[in-house]
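Peer 1: need a structure here:
(2 chains)
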Amino acid sequence: MALYDRQNELPIPPKGAEKRNTVCQYCNVGCGYEVYTWPVGTVGGTAPSDNAFGVDLSVPQNPLQGLVYTESMHSVVTNRDGRRYHVVIVPTKDSAINLNGDHSSRGGSNAQTLFSESRGTQERLKYPLLRVGDDFQAITWDEALTLLGRVIKGVYDTYGSDQLTAKATDHGGANGGFGNIYAMGRLFFTGLGMEYVAMHNRPAYNSEVWGSRDRGVHELHYTAEDARVCDTLVLWGANSYETASVFYTEHMQPNFQGATQPDKREVFDEGEPIDPMRLVVVDPRRTSTLTIMEAIDPDRTLHLRPNLGTDYVLANAVARVIWERGWQDQATIDNRTDLTTFEDYQEKSLQLGKPLDQLLGEAEEITGVPRAQIEQAAEWIAAPKEGGFCNRRSLTSTKRDDLELQELRHHRRPGSDGDVGGQYRATRYRVRTARGSPGELCTPPVPRQPPTP
Amino acid sequence: MKVSRRSVLKAGAAGAALVALGPSFAQEYPEDYPLTVIGNVNDLEVGQAVYFTYPDGRSQGILVKLGKEAVAGVGPERDIVAYSAACTHMGCGVQYKNERFVCPCHNSMFDPAVNGQVYQGLAATYLPQIGLRLNDQTGELSAAFVEGVIWGRVDNVLSQS
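Peer 2: So this is what the prediction gives:
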């Protein structure tokens, strides 16, 4: 009656089963997992000394604390030696990311993605298929690559490189990022000289989050520490509960619930207030992340619902309010940017030539977000804390980033620690150094005079 | 090391190949489970969940009359279903709210009408559904077996050691 194959028991990895550590193959949260493999035909016992977990399996595990091992974490595969092996992939208890063995529905299914003749994976293609008439015919890889190469070269020779295009995954194909498809990028861009490549789910070689990326917030930026200690978390088009689940459940939500105060005490400066975290969600939808946080404390959540495609305007308006109130972190601007395009930023993004009332009125009309909410978001994000301490904020756009630095990202001095190693490493220092040097107070609020036109 | 108890008992010599493959391939036999009376259809109200234990005192189950037909539902309306109450994510007890099971720990949600399917959250497997037997004369409901591994166990039926 079950809608899919269910089990009544799970194979126990015997003592001596091979154990390896790994990182989840799915999202960029990077949860830790343990992989156990052993030959089919043997199983371990329930006594701690009889199984590779070293856990007493004769009794049920305690919720949240016990060993996490469920049906979807087991598979049987045929190895290169032709023998069949059990594979068990369970969340580790020894990770600073997925604390307590937490895992998402994705990571909890890591084992299920291994190829096995006994499951749905048997339908995966093992050989390239060539369409001949109305049928697909299996061909060898050599034949497929030869055919592909000849078609590409034929088009290239006859029509030129601009008539070739590719749709591909990308993390570094254009030599940015971490270069995990470096060779493919070199083939497309250098070897074939393609003019047009579209990546991931996107129509072009672009961001899926223009409103924030174009202002300098790049995706894939985050640290768990930031989420644990920030005063204000901004989710700009991100539904982290669903898309970075463990990041949310183990770091964001605990901060919102006040459970990360020890982390804050360790990082915060002497006398710096530890305030309850606030959440700003920018999304036309009521996401599950929002509704869960609202259920915990509606007074510390703010939901901005911009009309589709207008968050760009919204971001400029929020930044302008921060500027008007003098809440920007001047020490960071001075110490971490070269200010070469700062005037351009003031003119085009902050639009200082336009009176504040006019700008906010236009923003309200375009985005549909009430002016009061724009101002409240600015306050939650940037108003100094009691005692003049800077508000520590963390911003996520599909992933997350720091609002202040995202605005300033374009202006960061090459070679400063933010730029070394590209975007990935640049995020590690966000909250801790988002304010000048340790012990420095946030710049006191100084209302700015409207610039003369 | 030992070979799985149930596989040996049930698969026997003819099933040696199945034993070798482990539980993924072994035929499972519901008769390993106890038949336990867990309630009476006449006591159930639509939308009011009832907790019980099955297959032993250390495993909580949740019984509910949904008011709409459900996969493997019993009763005249085929709307009575039972599940392990242990969330398949990390074992917390699920609660019945607005036609769904909700886990208070990480907000996973399961659909009682569709075999315990996960439709939100971190759980990777459906909630194990508990097979029900209904006595037409008395209205007595009994739990007969479990489909799916109860969270926190390597064997739904604990060893008697």
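Peer 1: Now for residue 128, how many residues are close by?
Peer 2: You didn't pick a chain, so chain A it is. Using other CB atoms under 10 Å in any protein chain shown, the number of residues around A:P128 comes to 17. Just so you know, the C-beta spots here come from the backbone N, C-alpha and C atoms, and that holds for glycine as well.
Peer 1: Actually, chain B is the one I wanted.
Peer 2: B:P128 has 29 neighbouring residues, counting by other CB under 10 Å.
Peer 1: Give me the pLDDT value at the residue in chain A sticking out farthest from the centre.
Peer 2: The C-alpha centroid of chain A is most remote from A:G133, which lies 43.9 Å away (CA atoms, centre = their mean). pLDDT, A:G133: 91.
Peer 1: Return the residues in contact with it.
Peer 2: Applying CB atoms under 8 Å, 6 or more residues apart in numbering or on different chains to A:G133 gives no contacts.
Peer 1: Helix or strand: which one has the spatially closest residue to B:S159 that is not a sequence neighbour?
Peer 2: Closest residue in space to B:S159, ignoring its immediate chain neighbours: A:S58 at 5.9 Å, by CB to CB, 6 or more residues apart in numbering or on different chains. Using DSSP states H and E, A:S58 maps to neither a helix nor a strand.
Peer 1: Can you tell me how far A:S58 is from A:Q65?
Peer 2: 17 Å (CB to CB, to the nearest Å).
Peer 1: same thing with B:S84?
Peer 2: Counting by CB to CB, the gap from B:S84 to A:Q65 is 18 Å.
Peer 1: Neighbour count: the two, which is higher?
Peer 2: B:S84 (29 against 13).
Peer 1: For the more buried one, give me its contacts.
Peer 2: B:S59, B:Q60, B:G61, B:I62, B:L127, B:P128, B:I130, B:V146, B:G148, B:I150, B:W151.
Peer 1: Filtering those residues by proximity to chain A, which remain?
Peer 2: Contacts with chain A within these, counted by CB under 8 Å from any CB of the partner chain: B:S59, B:P128, B:V146, B:G148, B:I150, B:W151.
Peer 1: Pull the number of nearby residues for the closest residue to B:G93 other than its chain neighbours.
Peer 2: Closest residue in space to B:G93, ignoring its immediate chain neighbours: B:A85 at 5.0 Å, by CB to CB, 6+ apart. Neighbourhood size, B:A85 [other CB under 10 Å]: 28.
Peer 1: these two touch, right, B:A85 and B:Y96?
Peer 2: No - B:A85 lies out of contact with B:Y96 (CB atoms under 8 Å); the separation is 9.3 Å.
Peer 1: one step back: quick check on the ones next to chain A among the contacts of B:S84: which are buried?
Peer 2: Neighbour counting over the ones next to chain A among the contacts of B:S84 (16 or more other CB atoms under 10 Å in any protein chain shown) leaves B:S59, B:P128, B:V146, B:G148, B:I150, B:W151 as the buried ones.
Peer 1: ranges for the strands of the stretch 51-200 of chain A?
Peer 2: A:74-78, A:84-91, A:129-132, A:135-138, A:165-168, A:196-199 (DSSP state E, counting those that start in this stretch).
Peer 1: Compare those strands and report which one is nearest to chain B.
Peer 2: Among the strands of the stretch 51-200 of chain A, the nearest to chain B by CB to the nearest CB is strand A:74-78 (5.6 Å).
Peer 1: Looking at the ones next to chain A among the contacts of B:S84, which are in strands?
Peer 2: Mapping those onto strands (DSSP state E) picks out B:V146.
Peer 1: Quick check: the two most widely separated of the contacts of B:S84?
Peer 2: B:Q60 and B:G148 (14.9 Å; CB to CB).
Peer 1: and B:A49, what does it touch?
Peer 2: Listed by CB under 8 Å, 6+ apart, the contact set of B:A49 reads B:I62, B:L63, B:V64, B:Q95, B:Y96.
Peer 1: How much space separates the first one from chain A?
Peer 2: Using CB to the nearest CB, to the nearest Å, one gets 15 Å for the distance from B:I62 to chain A.
Peer 1: and what of the second one?
Peer 2: Applying CB to the nearest CB, one obtains 17 Å for the distance of B:L63 from chain A.
Peer 1: Nearest to chain A among the buried ones among the ones next to chain A among the contacts of B:S84?
Peer 2: In terms of CB to the nearest CB, no member of those lies closer to chain A than B:G148, at 4.1 Å.
Peer 1: and the closest one, what does it touch?
Peer 2: Residues near B:G148 by CB under 8 Å, 6+ apart: A:2, A:6-8, A:71, B:84, B:88, B:116, B:125-129.
Peer 1: By mean pLDDT, point me to the weakest helix or strand of chain A.
Peer 2: The weakest-scoring helix or strand in chain A, judged by mean pLDDT, DSSP states H and E, is helix A:423-426 (a mean of 26).
Peer 1: And chain B, by the same measure?
Peer 2: Here the helix or strand of chain B ranked lowest by mean pLDDT, DSSP H and E is helix B:16-21, holding a mean of 38.
Peer 1: Which SSE is immediately downstream of that helix?
Peer 2: Counting by DSSP H and E, what follows helix B:16-21 is strand B:36-40.
Peer 1: what sits in contact with each of B:A85 and B:Y96?
Peer 2: Overlap of the contact sets of B:A85 and B:Y96 (by CB under 8 Å, 6+ apart) consists of B:I62.
Peer 1: picking up where we left off before, make a markdown table from the strands of the stretch 51-200 of chain A and add mean neighbour count to it.
Peer 2: Output for the strands of the stretch 51-200 of chain A, formatted as a markdown table (neighbours: other CB atoms under 10 Å in any protein chain shown):
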| stretch | mean neighbour count |
| --- | --- |
| strand A:74-78 | 20 |
| strand A:84-91 | 24 |
| strand A:129-132 | 10 |
| strand A:135-138 | 11 |
| strand A:165-168 | 15 |
| strand A:196-199 | 17 |
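Peer 1: Take those and write them to JSON lines, including distance to chain B.
Peer 2: Shown next, in JSON lines, are these (distance: least, CB to the nearest CB, whole Å):
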{"stretch": "strand A:74-78", "distance to chain B": "6"}
{"stretch": "strand A:84-91", "distance to chain B": "6"}
{"stretch": "strand A:129-132", "distance to chain B": "29"}
{"stretch": "strand A:135-138", "distance to chain B": "28"}
{"stretch": "strand A:165-168", "distance to chain B": "29"}
{"stretch": "strand A:196-199", "distance to chain B": "28"}
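Peer 1: can you tell me the helix or strand for B:L63?
Peer 2: Assigned by DSSP H and E, B:L63 belongs to strand B:60-65.
Peer 1: One more: B:Y96?
Peer 2: B:Y96 is located in strand B:95-97, with elements delineated by DSSP H and E.
Peer 1: list the contacts for residue 59?
Peer 2: Because you didn't say which chain, this covers chain A. By CB under 8 Å, 6+ apart, the contact set of A:V59 is B:R58, B:L158.
Peer 1: switch to chain B, that's the one I care about
Peer 2: Residues in contact with B:S59 (CB under 8 Å, 6+ apart) are A:P60, B:T53, B:S84, B:A86, B:I150, B:R153, B:N156.
Peer 1: switch the cut-off to 6 Å
Peer 2: By CB atoms under 6 Å, 6 or more residues apart in numbering or on different chains, the residues touching B:S59 are B:T53, B:I150.
Peer 1: A:D275 now?
Peer 2: A:D231.
Peer 1: So it belongs to a strand, correct?
Peer 2: No - A:D275 is assigned coil when assessed by DSSP: H, G, I helix; E, B strand; the rest coil, not a strand.
Peer 1: how about the strands in the stretch 251-400 of chain A?
Peer 2: A:278-282, A:301-304, A:393-397.
Peer 1: Mean pLDDT lowest where, among these?
Peer 2: strand A:393-397 (a mean of 61).
Peer 1: Can you give me the neighbour number for whichever residue of the stretch 101-250 of chain A sits closest to chain B?
Peer 2: Closest contact between the stretch 101-250 of chain A and chain B, by CB to the nearest CB, is at A:G108 (3.1 Å). By the criterion of other CB under 10 Å, A:G108 has 29 neighbours.
Peer 1: Find the residue closest to it in space, skipping its chain neighbours.
Peer 2: Of all residues beyond its chain neighbours, the one nearest A:G108 is B:A124 (3.1 Å), with distances taken as CB to CB, 6+ apart.
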